[in-house]
Every structure is written in structure tokens, then in C-alpha cells.
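Q: Here is my input, please return the structure:
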Amino acid sequence: MQVEVDPPSYLTNSLGRPPTDGWPRDRWEGTAAEIEHHRLRWGITDPIDALGERGGYGRARRSRELLHVEIRRTVDDLHRDRAPQQELGWER
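A: As a prediction, the model looks like this:
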């Protein structure tokens, strides 16, 4: 998939560079796929901002708001020092 090899600016601006492997890579790719779906559904072509212009109304606005929250969660998870399993004490 081309996005994995050379992601567009709007993805790296939102999510950072894709991790190389493991759960971080899976998480990054999952959120990137959600962004791509959102962009296609709502006709967003902004080359810099993944979610396009703010505003809108109805379902488009709600979709943008929900995806914004998911992007923040993904970025937070990817920038933690340890994997989620380690933080929960699942690793010895």
C-alpha cells in the first residue's frame, strides 16, 4: 500500500511518521485508514490537514469530531514510553 511507504503530508501532520512494526504500526495504519475513509466520504482534498476545514454540519461535522478524538488517542498511545500491556502490568 503506497500510504505505508510514503504517507501523504496530511497523515504525517496528524499522526507522525508510521512506526516500523508491532502494535504501534497496526494502530497507525488503522487510524490512517479511518482518515482516508473520512476524506473519501466527505470529499476532502486538503493536502495538509487530514480532516479538512473546520465547520460543516450534521453527520459530516460529527464524523470529523469523532475522528479528531481518535487521532488524539492514537497519537497519545504512540508517544507513550511503553506499550499498553506494560503499563497495565501484563508484562513481567
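Q: who's in contact with residue 48?
A: Applying C-beta atoms under 8 Å, 6 or more residues apart in numbering, we find residue 48 in contact with 9, 10, 13. C-beta coordinates here come from the backbone N, C-alpha and C atoms, glycine included.
Q: again, only this time at 6 Å
A: 9, 10 (C-beta atoms under 6 Å, 6 or more residues apart in numbering).
Q: Okay, and it sits in which element?
A: Using DSSP states H and E, residue 48 sits within no helix or strand.
Q: For it, give me the backbone phi and psi.
A: Residue 48 adopts backbone torsions of phi -110, psi -50, taken as degrees, to the nearest 10.
Q: Please apply the same query to the one 3 residues further on.
A: Here the main-chain torsion angles of residue 51 (degrees, to the nearest 10) amount to phi -100, psi 0.
Q: The closest residue in space to it that isn't next to it in sequence: helix or strand, and which one exactly?
A: With sequence-adjacent residues excluded and distances taken as C-beta to C-beta, 6 or more residues apart in numbering, residue 51 is closest to residue 64, at 5.2 Å. In this structure, residue 64 is located in helix 58-78 according to DSSP H and E.
Q: Check which helices and strands that helix sits against.
A: Counting contacts by 3 or more C-beta pairs under 6 Å, 6 or more residues apart in numbering; DSSP states H and E, helix 58-78 packs against helix 22-42.
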